[in-house]
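*Asks:* quick one, fold the following:
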Amino acid sequence: EVQFRPYRTDDFITRLYYETPRLTVLNQTWVLKARVNDSERNPNLSCKRTLSFQLILKSKINSPMECSFLLLEGPYDDVKIHPVIYHFVFSNESNETDYMALPIVDSVECNKLLAAKNINLRLFIFQIQK
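*Replies:* As a prediction, this is how the structure comes out:
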């Protein structure tokens, strides 16, 4: 289980983003980052809100590591998420995924997540053996 905590950038116009503490899965260290409406300039002026996330490998690895991963709702959340399995090959040169949309059902569900102090989700990572 992962917990996204809210942070703000140091820019002149601050932007809200979320980040998890470091976590260990498959003997590697990982971090998840999330942003609102793909960091658009004024997400508060939009009635349609989305969250996108990025998985980052913090450990150094000897050979490329192919993984599948997905995020699901946390144990005490009632937010509706459609499970989507993502694939990525991690290496020392490419250690972070692109930002991918969190498959939340609609803006209302996204607003429920943003209204909470922290966002609790479950992360599943599977290593694909060759």
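*Asks:* contact partners for Val79?
*Replies:* Glu73, Ile104, Glu109, Lys112, Leu113 (CB atoms under 8 Å, 6 or more residues apart in numbering). Just so you know, the C-beta spots here come from the backbone N, C-alpha and C atoms, and that holds for glycine as well.
*Asks:* look up how far Asp106 lies from the nearest residue to Lys58 once chain neighbours are set aside.
*Replies:* Excluding its sequence neighbours, the residue lying closest to Lys58 (CB to CB, 6 or more residues apart in numbering) is Thr29, at 4.2 Å. Per CB to CB, to the nearest Å, Thr29 is found 34 Å from Asp106.
*Asks:* which of those two has more residues huddled nearby?
*Replies:* Thr29 (14 against 11; other CB atoms under 10 Å).
*Asks:* weed out the non-buried ones from the contacts of Val79.
*Replies:* Neighbour-count burial within the contacts of Val79 applies to Glu73, Ile104, Glu109, Leu113; the criterion is 16 or more other CB atoms under 10 Å.
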